[in-house]
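In: what would the 3D arrangement of this be:
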Amino acid sequence: MLNKKETALLIIDMQYGGGAPDGSLVKMLNVDVTKQEDIVTPMVELKNFFRENGMLVVNVKTEYEEDFSDWKMLDEMFEVKKYKHFVKGSLDAEIIPPLAPQEGEELLVKNRWNAFFNTKLDEILKDKNIKNLIIVGAATDVCVFETCSHAFSLNYNCIVPIETTASFNAERKKMGLELLSFGRSKVVHVEEVYKMFQ
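Out: Take a look at the predicted model:
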């Protein structure tokens, strides 16, 4: 069972550029968004549950400088500058409206795949005495994986609900969930999460 006061919801990179038909990732990686499952609805429901129970919600978004001086290696590997991927102040970097941060929620901005890298995430969680993390968002095998792996190394108990995370295709999501389930987190159906609370 999970203690509500010791559990936080981490919502990773639910931004316009990650899933909109004209978003940067769709253009860069030629993702067919028509085949993407709906992860937004179960995520909104989970977020509402956390808010109704006075639990911590941390919204995480990625932003880069326009010249990618804050992560040159990313541009060298993927030519993200060409697509203006998650550039600070752009629509591409905005969190989608259904999951936009609300009053009382935390908003954390990162410039790496790992939400703990060079941010105050660990400090925020420890200050609130958080021991358990429900991690949702995108992509399963990139930012969710990197963040969850780091959280595991910091001794957080991590849970990733299957219906609340997605990758560029079904095969990559499956691979990501398999890697996450190897010690890093419990990978469960979202309805099981609700049953975990005292």
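In: Asp67 against Lys81, yeah?
Out: Yes. Between Asp67 and Lys81 there is a contact at 7.1 Å, judged by CB atoms under 8 Å. Yep, even glycine has a C-beta here, placed from its N, CA and C like the rest.
In: what is the subsequent helix or strand relative to the helix or strand of the chain with the lowest mean pLDDT?
Out: Taking mean pLDDT, DSSP states H and E as the measure, the chain has helix 24-29 as its least confident helix or strand, at a mean of 90. On the C-terminal side of helix 24-29, the nearest following helix or strand under DSSP states H and E is helix 40-52.
In: contacts for that next one, please.
Out: 9, 11, 14, 56-57, 96, 98-99, 102, 104-105, 134, 136-137, 161, 163-164, 190, 193-194 (CB atoms under 8 Å, 6 or more residues apart in numbering).
In: using PDB, write out every CA atom in that helix.
Out: Only the C-alpha atoms of helix 40-52 are listed here, as PDB (Å, rounded to 0.1, in the frame of the first residue of the first chain):
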ATOM      1  CA  VAL A  40      -4.100  11.800 -22.100                       C
ATOM      2  CA  THR A  41      -7.500  10.700 -20.800                       C
ATOM      3  CA  PRO A  42      -6.100   8.200 -18.100                       C
ATOM      4  CA  MET A  43      -3.400  10.700 -17.300                       C
ATOM      5  CA  VAL A  44      -5.900  13.500 -16.700                       C
ATOM      6  CA  GLU A  45      -8.000  11.200 -14.500                       C
ATOM      7  CA  LEU A  46      -4.900  10.200 -12.500                       C
ATOM      8  CA  LYS A  47      -4.000  13.900 -12.100                       C
ATOM      9  CA  ASN A  48      -7.500  14.700 -10.900                       C
ATOM     10  CA  PHE A  49      -7.300  11.900  -8.300                       C
ATOM     11  CA  PHE A  50      -4.000  13.300  -7.000                       C
ATOM     12  CA  ARG A  51      -5.400  16.800  -6.800                       C
ATOM     13  CA  GLU A  52      -8.600  15.700  -5.100                       C
END
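In: for this structure, which segments count as helices?
Out: Taking DSSP state H, the helices of the chain run over residues 16-19, 24-29, 40-52, 72-78, 80-83, 121-127, 143-153, 170-181, 190-195.
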